[in-house]
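> Got a predicted structure plus its sequence, pasted below:
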Amino acid sequence: MAEVSAAMVKELREKTGAGMMDCKKALAENAGDFAKAEEWLRKKGITGAAKLAGKTAAEGLVGAYVHNGKVGVLVEVNCQTDFVARNEDFQALVRDIALHIAALNPRYVRREEVPPEVLEKEKDIERVKLREQKKPEAMIEKILTGKIEKYFETVCLLDQPFVKDDKKKVHEVVTEAAAKIHENIVVRRFTRYQVGEGIEKKKEDLAAEVAKTLGQG
């Protein structure tokens with residue numbers, strides 16, 4: 001993939017109104033070609049969805065998923081109108097997000113929700129690891145940026161690879177749905193329950209079991 005600068009991302013974002021991460025990916029996928037990157041965003045419906053992002057989303061659904069009576073999820077996904085809340089595509093999206101949460105066990109909806117002290121602790125852990133690997137001190141902070149991106153992909157729902165298609169992130173799936181439905185869609189919150197969670201016992205990877213059931217294991 002081509003090297004993409006912050007200035008390039010900023011320019012494409014101002015032109016299309018798409019999100020920073022979407023613009024970065026569009027430029028990387030198209031070797032830094034702005035015209036092709038803009039077309040790539042349009043084909044994915046991302047520019048259209050970006051125009052909807054400022055719209056108030058106060059309707060929607062609470063979706064539920066239970067796996068073998070062992071893992072249960074409740075997730076609230078908002079849209080703009082009750083009409084869309086009854087739309088089959090929107091309902092399918094909510095079900096898929098609930099299923100994804102059951103399988104991949106995120107801790108937060110979005111990266112902005114990660115408490116600063118948690119993020120700093122993670123950075124400190126990674127710095128120690130990098131120093132133990134004898135990485136040059138001047139390179140540590142640069143390497144750390146990539147490590148933290150991987151951390152977000154592990155713990156943040158919207159940054160995780162989608163359980164039904166790991167070539168897409170969850171936020172991309174939501175964006176594409178918003179463009180198709182023509183309403184702003186926001187994943188607001190979720191709760192995930194796992195039988196015996198917090199009780200010391202023999203370890204069972206139920207999240208992996210859910211993913212395997214879906215054909216992802």
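Done, it's in.
> Assign the residue nearest the centre of the chain to helix, strand or coil.
The centroid of the chain falls nearest to Leu158 when counting by C-alpha atoms, centre = their mean (1.7 Å). Three-state call for Leu158 (DSSP: H, G, I helix; E, B strand; the rest coil): helix.
> Contact partners for it?
Val109, Arg110, Arg111, Lys169, Val170, His171, Val174, Val187 (C-beta atoms under 8 Å, 6 or more residues apart in numbering). No exception for glycine: its C-beta is placed from N, CA and C like everyone else's.
> among the residues you listed, which are in strands?
Under the assignment DSSP state E, the contacts of Leu158 contribute Lys169, Val187 to strands.
> Name the single longest helix found in the protein.
Among the segments of the chain that qualify as a helix by DSSP state H, the longest is helix 137-155.
> average pLDDT across the following helix or strand past that helix?
Where DSSP states H and E defines the elements, the next helix or strand beyond helix 137-155 is strand 161-162. Averaging pLDDT along strand 161-162 yields 96.
> how far is strand 161-162 from where the chain is centred?
7 Å (C-alpha atoms, centre = their mean, to the nearest Å).
> Could you report the neighbour count for the closest residue to Phe34 other than its chain neighbours?
In space, and not counting its chain neighbours, Phe34 is closest to Leu12: 6.3 Å by C-beta to C-beta, 6 or more residues apart in numbering. Close neighbours of Leu12, defined as other C-beta atoms under 10 Å, add up to 23.
> returning to what we had before: ok, which pair from the contacts of Leu158 is furthest apart?
For these, the farthest-apart pair by C-beta to C-beta is Arg111 and Val174; their separation is 14.5 Å.
> Using the three-state scheme, assign the closest residue in space to Lys164 that isn't next to it in sequence.
In this structure, Lys164 finds its nearest non-sequential neighbour in Asp96, 6.3 Å apart by C-beta to C-beta, 6+ apart. Three-state assignment for Asp96 (three-state DSSP): helix.
> Distance of Asp96 relative to Thr16?
Using C-beta to C-beta, to the nearest Å, one gets 26 Å for the distance from Asp96 to Thr16.
> just Val62 next, same as before
In terms of C-beta to C-beta, Val62 sits 33 Å off from Thr16.
> quick one, which of the two is more surrounded?
Thr16 (21 against 13).
> I'd guessed that one sits against Ala35; true?
No - Thr16 is beyond contact range of Ala35, at 11.5 Å (criterion: C-beta atoms under 8 Å).
> gap between the residue nearest to the centre of the chain and Lys70?
Applying C-beta to C-beta, the value for Leu158 to Lys70 is 25 Å.
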